[in-house]
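*Asks:* Generate coordinates for the sequence data below:
(one chain, ligands or ions: 1)
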Amino acid sequence: MSRYAWVLGACGLLAAGCDPGGAPSPSATIDPRDMGSDDDVGAGDMGPTPVELHGQLEVAGTELRDEHGERVQLKGPSSMWLNWENDGFAENVEALRWMRNNWRATVIRAAMGVEPDGAYLTNAAKAKSQVEKIVDNAIAAGVYVIIDWHDHNAQNHKDQAVQFFSEMAEKYGDKPNVIYEPFNEPLDLDWQSTLKPYHEAVVAAIRAKDPDNVIVLGTPNWSQDVDRAAASPVAGTNLLYTLHFYACTHTAGLRGKADGARAKGLPLFVTEWGATHADGGTDGQVCLDEARLWHEWMNAHGVGWTAWKLDNCGQDSSCILAPNAPPAGGWTSTYLKGHGVFVRARMQDE
Ligand code: MG
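*Replies:* Take a look at the predicted model:
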């Protein structure tokens, strides 16, 4: 069986109604360029790690640049909400090394849940230990890591966020690996009166301990309204702004809004995307044609990204891994599902 048919047989890219035990659907097709490779594209590569290669990052105009002044486009996975991450994929250093070597991942995002029961507000010690494990792994593996305050209502938890990011900046501010993301997806908040002051408070707390590492700032309306941030950016250096897209939901209109923000000088980073609907793909659908347009856009502008999400949930098509994926990597096509092979192919793109 070809690799192509094998993935379809494994229910990899079928729409809703996919039966893992059934015959591949004749209508489910995927461009080979969107498959990526099971081969160990980087395994055994003893070359420099991403952080050895790029070092301390900086923001210059609309670009993220490395310590040599070259534009750098980071690519990698986002974790699941860590409070709901039962299998520890994102906390496994062997898995991270494997994704670095085989998928060419250069960054991982640690999505630390805040509000749900058992997340940061009710179990800070556990949440912090999960984040620190991922950051320590990233430092060991030489990849970049985004510390994400994964909260839709962070304006109500500003004091806790300030305290948390102050601690993280104190502990990790001298490591070039670390990127801070203080507000995952704000709801429809007023930028000027609510969201911008929140960011100013957290940025000040970080900058008191760490003068230079990159900070990615959430934008209104689920990190869509980058135009509102572009009209009145936060003062400071090495600040990026978050844009999220889900390709079955967000199309050319949102890219146009992002183009407008970039034209005003706003530098963007996509800390979440899916080739799915914005709910994470509960209907099982993937929209690869539109996702491809998004990636052409990000590649053209050097916009970095982390893909939602490194998890093996059974249903959502944004879950990259199949339920039987082993914990420490080795995720060939048979262990990928939903938009997983597409995510892999985009990471493996040079
Ligand atoms: Mg620093």
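*Asks:* going forward, measure contacts and count neighbours with C-alpha atoms only.
*Replies:* Fine.
*Asks:* Can you tell me which residues in this protein are near the ion?
*Replies:* By the rule C-alpha under 5 Å from the ion, the part of the chain lying against the ion is 173-174, 210, 212-213.
*Asks:* can you rerun that using 8 Å?
*Replies:* Counting by C-alpha under 8 Å from the ion, the residues of the chain close to the ion are 56, 169, 172-176, 210-213.
*Asks:* Between which two of these is the distance greatest?
*Replies:* 56 and 169 (14.7 Å; C-alpha to C-alpha).
*Asks:* most neighbours, which of the residues of the chain next to the ion?
*Replies:* Among those, residue 213 has the most neighbours (other C-alpha atoms under 10 Å), with 24 neighbours.
*Asks:* Grab the nearest non-local neighbour of that residue.
*Replies:* Excluding the flanking residues, the one nearest residue 213 by C-alpha to C-alpha, 6 or more residues apart in numbering is residue 179, at 6.2 Å.
*Asks:* Which helix or which strand is home to the one you found?
*Replies:* Assigned by DSSP states H and E, residue 179 belongs to strand 178-181.
*Asks:* hmm, who's touching that strand?
*Replies:* By C-alpha atoms under 8 Å, 6 or more residues apart in numbering, the list of residues contacting strand 178-181 from outside reads 135, 144-149, 165, 172, 213-218.
*Asks:* which residues of the stretch 201-350 of the chain score low on pLDDT?
*Replies:* By pLDDT under 70, the stretch 201-350 of the chain has no low-scoring segment.
*Asks:* Helices of that one, start to end?
*Replies:* Along the stretch 201-350 of the chain, the segments classed as helices by DSSP state H, counting those that start in this stretch run 220-223, 226-230, 252-263, 288-301, 340-348.
*Asks:* Is it correct that residue 223 is in contact with residue 244?
*Replies:* Yes: using C-alpha atoms under 8 Å, residue 223 is in contact with residue 244, at 5.5 Å.
*Asks:* These two: which is more packed in?
*Replies:* Neighbours were counted for residue 223 and for residue 244 using other C-alpha under 10 Å; residue 244 has more, 28 against 23.
*Asks:* residues touching that one, list them.
*Replies:* 222-224, 270-273.
*Asks:* and with 6 Å instead?
*Replies:* Residues in contact with residue 244 (C-alpha atoms under 6 Å, 6 or more residues apart in numbering) are 223, 270, 272-273.
*Asks:* Would you mind naming the residues that bridge with it?
*Replies:* In this entry, residue 244 is beta-bridged to residue 272, by DSSP bridges.
*Asks:* Quick check: the gap between the most centrally placed residue in the chain and the ion.
*Replies:* Nearest residue to the geometric centre of the chain (C-alpha atoms, centre = their mean): residue 306, 2.2 Å. Separation of residue 306 from the ion (C-alpha to the ion, to the nearest Å) stands at 21 Å.
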